[in-house]
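[1] Kindly generate the corresponding structure for this input.
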Amino acid sequence: MKRKKFIIYGAGKWGRKVASYIGVDNIECFLDASREKVGSLLLGKEIRSIDYLVAHKSKYEIVVAANVLCIFEIKNNLEKLNIKNVVPFFEILDLPETEKEQWRIAYNNIILLKECLEKKLPELEEKIEYTHEDIIFVPKIDNEIFFWTKYMAEMLGKEVRICDDMCGDKTLIEILKYICQCIKSENLIKYKFELWSLINKTVSNLNNKRENYYELSRLDFMITERCSLKCRECLNLMQYYQRPQNYSLAELKESIQIVLEKVDGIREMRVLGGEPLMNPEFYEICTYLCSLNNIFNIIIFTNATIPLNDEKMKNIDSNKVIFYISDYGIERQQINVYQKKMDLNKKKYYIMDYTTNDWIKHSNFKRIDLVEKSAKELYKRCNGRNCPVLMKKKLFVCEYLANANNISAIPNDKLDYIYVSNSCNKEEIRQYFSDDTPKPGCYYCARWVSEEKDSCYVKPAIQADVTLKYNRYE
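    Alright, predicted model coming up:
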């Protein structure tokens, strides 16, 4: 009996991997929900709409190639159309059994979260005061966050509208908080942390609608250039630092004090490096930041390679600080030690598993030629620009731009940053971060060439033997 051909639902990275594994000759076509993709070709096969599958559903095997949340949503939608011969991509690919099991666990936990949210929905309905418009504006910042907020809003009978910018809807804040409360499983901690962060951004946006008020929803605070690892594709470019330095408490104080004189607050301060615990004044810096009333939340990023000081940990405000522990699969034993210490000292923390997430391969700092319209579109939807950085009295829109400027890997253009001094003002800072015009340094960023190209993605945390070389701009 002749085997059926495949239809691959998903014309992105995973779709191409599935096609490569099963062979292009065994594929009838690709499907994709994106109208822009429908009608074009991928690997010589046409990308079609869902209508084609509805008309020919019995003829083909269907493989869904997307992240687990999209697989969950697509399978549900196809079952409503009586299309049941659907298989997730991770069951098709020749993956190690441990990796397949991780995908299965993540998928099953999404189903559990859905059931939990549905059971508790009446409680959420009682908490929410409906606006007269009955509309929730949902920002599409992250696929998982977008799905759950949109899902809960629709379950409440609210009209949902997608917005490009961060919205300021009080109902959305209540939904996000409630989803956070429902997340118990360790496999869903990623959603909990991101939802919590999104709550902070939404609160900031709501506050910034007030007259003469402006707070930063987030600020990455670089306290050291040193790191205990040397990841080849580190987004903060630590692999290029030839003589990394620690920043002193005195100079950091001066920088943050000037910023706080210009803005009304910082909703979420992210302390990082490098590895922040490499700075010998780490605990003093954290204690100082905790003492500032207009810094509302502090997240400390660490790779868990530097031993913690139990006595000094006591001075870090447990109500204000969360430790974000990155698990790259390198220091598992040390991460277990960190976890016990956090529990012992009653500190809030999240352990994030990065072992299955691809990283973007960095460019060689060469300028990318793009027409103005394309550059603006890329900048508008760039996730990196949501990560403002304070480094050496300069404010940047992202970590890449800050560090590339710091090591002179790109030309020093004053339009790339705001120099924090007594002469700058609140409106200047607001305008810098809200302006949709790409910064000159953006044209040197690998993110702009990474879309839809498998060659731009690599395994995470691959270590370099030596400091990487590059051409400096003088």
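
[2] CA only for contacts and neighbour counts going forward, please
    Will do.

[3] Which of the three states applies to the residue lying closest to Ile179 once chain neighbours are set aside?
    Excluding its sequence neighbours, the residue lying closest to Ile179 (CA to CA, 6 or more residues apart in numbering) is Leu117, at 7.2 Å. What DSSP: H, G, I helix; E, B strand; the rest coil gives for Leu117 is helix.

[4] Could you list the low-pLDDT ranges of the stretch 251-400 of the chain?
    Within the stretch 251-400 of the chain, the stretches with pLDDT under 70 are 356-357, 363.

[5] Met152 versus the residue nearest to Ile179, what's the distance?
    Using CA to CA, to the nearest Å, one gets 8 Å for the distance from Leu117 to Met152.

[6] And the strands in the stretch 251-400 of the chain, which stretches?
    Listed in chain order, the strands of the stretch 251-400 of the chain (DSSP state E, counting those that start in this stretch) span 265-266, 269-272, 298-302, 321-327, 348-353, 359-360, 389-391, 394-396.

[7] what's the last one in contact with?
    Under the contact criterion CA atoms under 8 Å, 6 or more residues apart in numbering, strand 394-396 has outside partners Pro388, Val389, Leu390, Ala402, Asp416, Tyr417, Ile418, Tyr419, Val420.

[8] Out of the residues you listed, which is nearest to Arg270?
    Val389 (9.1 Å; CA to CA).

[9] How much space separates the closest one from Thr287?
    Val389 is 20 Å from Thr287, by CA to CA.

[10] neighbour-wise, which of those two wins?
    Set Val389 next to Thr287 and count neighbours by other CA atoms under 10 Å: Val389 wins out with 26 against 16.

[11] For the more buried one, give me its contacts.
    Counted by CA under 8 Å, 6+ apart, Val389 has contacts Leu219, Asp220, Phe221, Met222, Leu395, Phe396, Val397, Cys398, Glu399, Ala402.

[12] Next, count neighbours for Ile50.
    14.

[13] make that Ile368, sorry
    Ile368 has 15 nearby residues by other CA under 10 Å.

[14] before we move on, what about the one 5 residues further on?
    Each residue near Lys373 was counted by other CA under 10 Å, and the total is 9.

[15] again, but for the one 10 residues further on
    By the other CA under 10 Å criterion, the neighbourhood of Asn383 contains 13 residues.

[16] same question, Cys382
    When neighbours are counted by other CA under 10 Å, Cys382 registers 13.

[17] I'd like to know how far it sits from Asn309.
    Cys382 is 38 Å from Asn309, by CA to CA.

[18] Compute the number of surrounding residues for the closest residue to Asp327 other than its chain neighbours.
    Excluding its sequence neighbours, the residue lying closest to Asp327 (CA to CA, 6+ apart) is Asp353, at 4.9 Å. By the criterion of other CA under 10 Å, Asp353 has 15 neighbours.
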